[in-house]
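Undergrad: below is the structure, and that's it, no one-letter string:
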């Protein structure tokens, strides 16, 4: 907003110009007096809390606009806001008016306050040619205040009937003039406006029982209207003289009558507030407390005077009424009443067989009485002028005891209008036109007519069904069900039109990649009777829910066919969505295209060798050329020359596309196998590689020979050294070898003596003692050497 932006940047024009505009006009004369302002001011209205926009004249945009405000009762204007178009300033004191902002040259007041009542002056500086001139706009703003929620107070919330009561409607605030309205609602009735009660005070003098209920006061002015919460006026009165009713009703000159062994209910009601307490007396004996006294099985002993005493405990007042009850012996049961429909009239039947003597019956209706008859009374009454809810009473009288008995028949018009619908039998062989109009006394008569107005069969009560044989020429035919009732004029109708079904498909052509899911959808647009939907496959066979790879999903008037794991050989082709009912059928075609994935590149076997005694093979391959692939498939078969070769079997699958080798096991060493490999692109298989049989791996003996020779030389050298050492220590065992070894040892010692005679002199020769034992001859244990040679190819 302009006003909000102005608070965050300095105002760039000198305030002196604005002060000059405030005191001088275009001619330099003082501005008009407040009286002149009042006479020329434009009157505006705003609502407290709302918003109002004050326009500063019309014409081209001014150079400078200055708004000032003069409160009511004051002559001193107060600056409000100023703008030069590029910047603006709002005085802090303007918050007393509301949230003030400038929109171009207009002054906008939001969240209007009551302090904004008064006169507003807009001074605008304009340029006309080479001259400056000032224009003035005077506005008088009236701030209206909505009325507050009224509060109602009663001078006496529970007065006694006949006293004086004043209801006061208080309103805390609101702009005058205010108007008041009063509404009264009885406890069991609807609210009513009290005509003439337009003041805040409502006088009820004297108050009576008709004033009992809820009172609501409404106050409104030019801005708003509010109503108070309801307040309850509880008028205390009564009891009035009680009224006694007897059921079943039977009147005599003395009072009431009842049949023997019947349940007789005596009810007592006295107008009173608070409700009365009731006490029943039979002759002078108290028999019951409460408003209703029930005699479960009347007998002659129950004949007598029954008195109902009503007491108001709040006022401690009483009232009573007495009736005479006489028990007679009428025929068993009660009269039976029935109503039969006839053209433009109603036939009333009243029967009451038995009794001694025969009971006399007479009908009585809203327009008079009917004939008198014994045991069975029939009265045909014209339906003209009978309102809905008319009651007819059959009165039975016993001549000997003057015992009357009653039964009633109430005429009711069936609600709403007839309802029509169509169904078909199994296999759509027959069409059933059904029409129903339930309720009503007597029941409504229903009849079917064809399109030419010819009747189809007779009439029925409440429900009419007509059967047609299904055939194609019924499409477009119209049938009418006409309902008649003595109380409904004119007759009412409902119509049906037979229609062949109409279909639409979502997409007439559907494409899906091999192995994917395809959705075929069709919807029923119309059809009477309701049509059945089904799908036919490319070969014309019906697609069932149990068919593999197919899933039917009915949704209201739609039938969706889901094809899973699409296969070009099985699923590609034209599908038919067929809708048929008893009067025709319709179909729509959908072409399903199952697209294959591109053929993957060719694969060749680069190496195929045996391992582990020919029970395993090591397979390696290579890819030739570009192309997409998702895996490999290895096949094997027993390689038998000629036409008897075995079938190819899967040796390995689920091989990653990055793999280039595989080890296969579980082979029979006695069988010669052939292997081939294929590349896979999803469900598309590439060309198989050339079939190959595994070969033994190449054998290299050179490392084994060298290893064996080196090991033999080491073993021979160690054995010779051990033999020489043993012969030197034991010359007596090997004399020739010892003679050859001893001279060599002596020559070695002589060579050592010539080189160092001093060293020989320093050597002590140990002396031997005759008594000492000769040194024992040393014996060495034989040495065993085990050499293991392993040759590894």
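TA: Perfect, I can see it now. Small disclaimer: the values here were computed from a predicted structure and weren't measured.
Undergrad: beta partners of the residue most central in space within the chain?
TA: Compute the mean C-alpha point of the chain, and by CA atoms, centre = their mean the closest residue is residue 555, 17.4 Å away. Taking DSSP bridges, one obtains residue 558 as the residues bridged to residue 555.
Undergrad: which pLDDT value goes with it?
TA: pLDDT for residue 555: 85.
Undergrad: with residue 33 instead?
TA: Note on residue 33: pLDDT of 41.
Undergrad: isn't residue 587 up against residue 576?
TA: Yes: with contact defined as CB atoms under 8 Å, residue 587 reaches residue 576; the gap is 5.1 Å. Using the backbone N, CA and C atoms, a C-beta is placed for each residue, glycine as well.
Undergrad: what is the burial count for the closest residue to residue 391 other than its chain neighbours?
TA: What sits nearest to residue 391 in space, not counting adjacent residues and going by CB to CB, 6 or more residues apart in numbering, is residue 410, at 5.0 Å. By the criterion of other CB atoms under 10 Å, residue 410 has 13 neighbours.
Undergrad: who's in contact with residue 410?
TA: The contact partners of residue 410, taken as CB atoms under 8 Å, 6 or more residues apart in numbering, are 389-392, 441.
Undergrad: phi, psi for it please.
TA: Backbone torsions of residue 410, given as degrees, to the nearest 10, read phi -110, psi 130.
Undergrad: separation between it and residue 246?
TA: Distance, residue 410 to residue 246, by CB to CB, to the nearest Å: 21 Å.
Undergrad: please apply the same query to residue 126.
TA: The value you get for residue 126 to residue 246, if CB to CB is used, is 97 Å.
Undergrad: residue 359 is in contact with residue 375, correct?
TA: Yes: the criterion here is CB under 8 Å, and residue 375 meets it with residue 359 at 6.5 Å.
Undergrad: who has more neighbours out of those two?
TA: residue 359 (24 against 17).
Undergrad: any weak-confidence spans in the stretch 651-793 of the chain?
TA: For the stretch 651-793 of the chain, applying pLDDT under 70 flags the ranges 699-710, 723-724, 727-728, 730-793.
Undergrad: hmm, try it at 80
TA: Flagging of the stretch 651-793 of the chain using pLDDT under 80 yields the residue ranges 698-793.
Undergrad: what do you get for the stretch 501-650 of the chain?
TA: In the stretch 501-650 of the chain, residues with pLDDT under 80: 545-548, 612, 639-646.
Undergrad: try the stretch 301-450 of the chain
TA: 328-333, 341-344, 354-358, 383-385, 398-403, 427-428.
Undergrad: can you show me the strands along it?
TA: Taking DSSP state E, counting those that start in this stretch to define them, one finds strands in the stretch 301-450 of the chain at 304-312, 317-328, 336-342, 345-351, 360-365, 368-374, 376-382, 391-398, 403-410, 419-424, 430-436, 445-449.
Undergrad: burial count for the residue nearest to residue 333 when sequence neighbours are not counted?
TA: Nearest in space to residue 333, with sequence neighbours left out and distances taken as CB to CB, 6+ apart, is residue 352 at 7.4 Å. Residue 352 has 26 neighbouring residues, counting by other CB under 10 Å.
Undergrad: against residue 526, how distant is residue 352?
TA: Taking CB to CB, one finds residue 352 at 57 Å from residue 526.
Undergrad: out of residue 126 and residue 246, which sits in the busier spot?
TA: It is residue 246, of residue 126 and residue 246, that has more neighbours when counted by other CB under 10 Å, with 20 against 17.
Undergrad: so what's that one up against?
TA: Neighbours of residue 246 in contact, by CB under 8 Å, 6+ apart: 256, 258, 264-267, 323, 325.
Undergrad: element containing it?
TA: Assigned by DSSP states H and E, residue 246 falls within strand 243-247.
Undergrad: next secondary structure after that strand?
TA: Downstream of strand 243-247 (by DSSP H and E), the next one is strand 256-259.
Undergrad: tell me how far that next one is from the chain's mean position?
TA: 61 Å (CA atoms, centre = their mean, to the nearest Å).
Undergrad: who are the packing partners of it?
TA: Applying 3 or more CB pairs under 8 Å, 6 or more residues apart in numbering; DSSP states H and E, one finds that strand 256-259 contacts strand 317-328, strand 403-410.
Undergrad: what mean pLDDT does that strand get?
TA: For strand 256-259, the per-residue pLDDT averages 81.
Undergrad: report all helices and strands that the next helix or strand after that strand contacts.
TA: Going down the chain from strand 256-259, the next helix or strand is strand 264-269, by DSSP H and E. Counting contacts by 3+ CB pairs under 8 Å, 6+ apart, strand 264-269 packs against strand 243-247, strand 277-282, strand 292-295, strand 304-312, strand 317-328.
Undergrad: and these: which comes nearest residue 43?
TA: strand 304-312 (62.0 Å; CB to CB).
Undergrad: partner strands of the closest one, with direction?
TA: For strand 304-312, pairing defined by DSSP bridges yields strand 277-282 (antiparallel), strand 317-328 (antiparallel).
Undergrad: could you dump those to TSV with mean neighbour count and distance to residue 164?
TA: TSV is the format used below for the strands paired with strand 304-312 (neighbours: other CB atoms under 10 Å; distance: least, CB to CB, whole Å):
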stretch	mean neighbour count	distance to residue 164
strand 277-282	19	29
strand 317-328	18	21
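Undergrad: run a quick neighbour tally on residue 624.
TA: Neighbour count for residue 624, taken as other CB under 10 Å: 12.
Undergrad: swap that for residue 191, please
TA: Close neighbours of residue 191, defined as other CB under 10 Å, add up to 13.
Undergrad: run through the bridge partners of it.
TA: Assessed by DSSP bridges, residue 191 has beta-bridge partners residue 185.
Undergrad: do you know how far it is from residue 207?
TA: With distances taken as CB to CB, residue 191 is found 19 Å from residue 207.
Undergrad: what touches both of residue 375 and residue 359?
TA: residue 352.
Undergrad: that older thread, and the helices and strands packed on strand 256-259: which comes nearest residue 337?
TA: When the helices and strands packed on strand 256-259 are compared by CB to CB, strand 403-410 sits nearest residue 337, at 4.1 Å.
Undergrad: can you list the buried residues in the closest one?
TA: Of the residues in strand 403-410, 403-407, 409 count as buried by neighbour count, 16 or more other CB atoms under 10 Å.
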